[in-house]
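J.: generate a structure from the sequence data that follows.
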Amino acid sequence: MSTNLVRMKFAAVAAKIEVTPGTDAIGGTPVAADWIASEMEVQFDPTIIELPELTGSLDRAPSVVGGLKPRLRLRMPLRGSGTAGTAPDFGRLMRCCTFAELVTGTAVGAPTAATAGTTTTVTAAAPFGTTAQQYRGMPLLLSGVRTTVTGIVDYTASRVITIGHTEGSAMGISTLLQVPINVLYSPTSDESVYRTATIYFYADGLLWTFTGALGTASLELTTGGIGFVTFEMRAQFASKTATAMPAGAAAVLRPTPPRFVAGRCQLNRALAQVRTLTINAGVNVILPDDPESAEGYGAALPIERDVAGNLDPYMNTTNSVALFNAFRAGTSMSLMAIIGSTPGNRFIATVPNAKAIGMDPGQRDGLGQHGIGFQGDGADSAFYLAQF
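T.: Below you'll find the model as predicted:
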């Protein structure tokens, strides 16, 4: 350090999945694989106890600071690992937001010819599996008489795939199918699957450490821009020390985040010309009381998940009425967005059953737009995010 003042640009963040919730998984000095490309904000959210003592004056006795209940906010570019079957940096935090990580390390299909289809469904053949929803949320590559990247919003035990957009003509035996190598994040309620994390926050000679971190994730896509993933975490405070940042903290090379251009944005299997699309996992997290812990609170626990989001597509005379009718009838609509074109640095976000809970008319740049709020419908199936 060249000055006693802390320069917050001289900062770095490390995160590692814990074996035992609340137990430091990094254990001192992060290794290269622990660093993540993220910014970070901390609020300690202390319990404040007001003292009832009389002071003989108008002045109140000063309050006492009780246990700390930290809130951590980490915001990262939607950036791939650069290798299709290798999890991205943000993947370890997705696992701490009640999501499971599934690596499909070998492509499914050679590509393989379909056996039948329509403009929105296609029936696969072996080697595609016969387990319902086996590939839901994953990307699907169509080739043969067409070359298309789409997503799987539904998969039946009979190998019938429902895609996230509408093809111009029916798919059939001349359409070839392949699920590429991918890493899929899907919601889970299985507490043996989702994890907690240890997080180290270095800033120019200081180190804050947190354990038992768990929270919620949100995805933001802006047309013409890049995507961001934001994590709002609750954690246990472990320590603050005067510790130099280890060498090499920012030395990991990563690909440039993909732009949200030449991709897909489909609502109800029709083009949604949005400026922004946001999806929030909506995980409600508490720090349970624990008088034997250092701050009086245990490792974070999820108690509820409510996937929701917003998008702002332009109005058009082709599907505006259909969207409004689905909103009024409470009919689920599929939502799919694809960003990126390079394997290992492209993503697909899927809400298989999005129910609109608001659809307000407005305008953007002199053109009509819908302000649509939605909720994801389905137990452990409301929102999927895959790198491929």
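J.: thought residue 201 was touching residue 40, still the case?
T.: Yes: counting by Cβ atoms under 8 Å, residue 40 does reach residue 201; the two are 5.4 Å apart. Heads up, the C-betas are built off the backbone N, CA and C, glycines and all.
J.: list the residues that contact both of those two?
T.: 11, 13 (Cβ atoms under 8 Å, 6 or more residues apart in numbering).
J.: quick one: secondary structure of residue 65?
T.: Following DSSP: H, G, I helix; E, B strand; the rest coil, residue 65 is assigned to strand.
J.: leaving out sequence neighbours, find the closest residue to it.
T.: Nearest non-adjacent residue to residue 65, counting by Cβ to Cβ, 6 or more residues apart in numbering: residue 46, 4.9 Å away.
J.: and if you look at residue 367?
T.: Using Cβ to Cβ, 6+ apart and skipping residues adjacent in sequence, the residue nearest residue 367 is residue 314, 5.4 Å away.
J.: what about the one you found, how many neighbours?
T.: Residue 314 has 17 neighbours, counted by other Cβ atoms under 10 Å.
J.: what pLDDT does it get?
T.: On the pLDDT scale, residue 314 is placed at 98.
J.: neighbours around residue 292, how many?
T.: Close neighbours of residue 292, defined as other Cβ under 10 Å, add up to 6.
J.: tell me the SS of it?
T.: Assignment for residue 292 (three-state DSSP): coil.
J.: and residue 93, by the same measure?
T.: Secondary structure state of residue 93, per three-state DSSP, is helix.
J.: ok, now which ones touch it?
T.: Residues counted as contacts of residue 93 (Cβ under 8 Å, 6+ apart) are 15, 36, 74, 197, 217, 229, 231, 233.
J.: repeat for residue 387
T.: Neighbouring residues of residue 387 by Cβ under 8 Å, 6+ apart: 80, 81, 84, 87, 88, 91, 182, 183, 344, 345, 346, 347.
J.: does residue 388 touch residue 341 like I think?
T.: No: checked against Cβ under 8 Å, the pair residue 388 and residue 341 is beyond contact range at 10.8 Å.
J.: quick one, which of those two is more surrounded?
T.: residue 388 (27 against 13).
J.: which one is the more buried one nearest to, not counting chain neighbours?
T.: When the adjacent residues along the chain are set aside, residue 388 lies closest to residue 182, with 3.8 Å between them (Cβ to Cβ, 6+ apart).
J.: again, but for residue 51
T.: residue 61 (4.2 Å).
J.: what is the rounded mean pLDDT of the biggest helix by length in the chain?
T.: When the chain is scanned for its longest helix (criterion: DSSP state H), the result is helix 320-329. On average, the pLDDT along helix 320-329 is 96.
J.: equivalent analysis for stretch 271-287, please.
T.: 98.
J.: again with stretch 88-107
T.: The average pLDDT within stretch 88-107 is 98.
J.: equivalent analysis for stretch 144-164, please.
T.: Across stretch 144-164, pLDDT averages out at 98.
J.: now that stretch: buried residues?
T.: Buried positions in stretch 144-164, judged by neighbour count with 16 or more other Cβ atoms under 10 Å: 149-155, 159-164.
J.: now stretch 301-315
T.: For stretch 301-315, a neighbour-count test (16+ other Cβ under 10 Å) marks 301, 302, 305, 307, 308, 309, 310, 311, 312, 313, 314, 315 as buried.
J.: look up how far residue 258 lies from residue 143.
T.: Separation of residue 143 from residue 258 (Cβ to Cβ, to the nearest Å): 22 Å.
J.: sorry, back to before: correct me if wrong: the residue nearest to residue 388 contacts residue 83.
T.: No: counting by Cβ under 8 Å, residue 83 is not a contact partner of residue 182; they are 11.2 Å apart.
J.: sticking with residue 213, tell me its helix or strand.
T.: strand 206-222 (DSSP states H and E).
J.: how far off centre is the helix or strand following that strand?
T.: Heading C-terminal from strand 206-222, the first helix or strand you meet, by DSSP H and E, is strand 227-242. How far strand 227-242 lies from its chain's middle: 16 Å, per Cα atoms, centre = their mean, to the nearest Å.
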